[in-house]
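Asks: Structure, please.
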Amino acid sequence: LVEAAAYVQDYVDAVDLNLGCPQKIARQGFYGAFLMENITLIETIVRRAVAELKVPVTVKIRVFDDEARTLDYVRRLRDAGAYL
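Replies: Model (predicted):
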């Protein structure tokens, strides 16, 4: 993912990671909203992207049913370097 983003970074203002896709194909491929099952992996992806790209990295997310869990998720993304 980061390698692909590196190819386009000179032509965009930012890279947005779509962590919100709820479609069945996303479950099968383990991407989009289904990555919320492994927040540590998401943090790793965001940290690497922020470290290796010259443009800001933003994230589109879905919220959890539990507000406190959502806030923790957002804080972890922020701390990983996601541009908010």
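Asks: what's residue 36 in contact with, if anything?
Replies: 19, 42, 61-62, 64, 73 (Cβ atoms under 8 Å, 6 or more residues apart in numbering). C-beta: built from backbone N, CA, C; applies to glycine.
Asks: Of those residues, which belong to helices?
Replies: By the criterion of DSSP state H, membership of these in helices covers 42, 73.
Asks: Select, from the contacts of residue 36, the two members most distant in space.
Replies: 42 and 64 (13.1 Å; Cβ to Cβ).
Asks: ok, these two, which is more surrounded?
Replies: Neighbours were counted for residue 42 and for residue 64 using other Cβ atoms under 10 Å; residue 42 has more, 21 against 13.
Asks: per-residue pLDDT, that one?
Replies: Looking at residue 42, its pLDDT reads 91.
Asks: do the same with residue 19
Replies: So residue 19 comes in at 81 (pLDDT).
Asks: With adjacent residues omitted, what lies nearest to it?
Replies: residue 61 (4.9 Å; Cβ to Cβ, 6 or more residues apart in numbering).
Asks: How about stretch 50-65, which residues are buried there?
Replies: Neighbour-count burial for stretch 50-65, counted by 16 or more other Cβ atoms under 10 Å, picks out 50, 53, 55-59, 61.
Asks: Mind listing residues that contact that stretch?
Replies: Against stretch 50-65 from outside (Cβ under 8 Å, 6+ apart): 2, 5-6, 9-10, 12-20, 22, 33, 36, 46, 49, 70, 73-74, 77, 80-84.
Asks: how about 7 Å then?
Replies: 2, 5-6, 9, 12-20, 22, 33, 36, 46, 49, 70, 73, 77, 81-83 (Cβ atoms under 7 Å, 6 or more residues apart in numbering).
Asks: Stretch 69-82 now?
Replies: Residues contacting stretch 69-82 (Cβ under 7 Å, 6+ apart): 39, 43, 46-47, 50, 57-59, 61, 63-64, 84.
Asks: thought residue 1 was touching residue 45?
Replies: Yes: counting by Cβ atoms under 7 Å, residue 1 touches residue 45, with 6.3 Å between them.
Asks: Between those two, which has more neighbouring residues?
Replies: When residue 1 and residue 45 are compared for neighbours, residue 45 comes out ahead with 18 against 11, by other Cβ under 10 Å.
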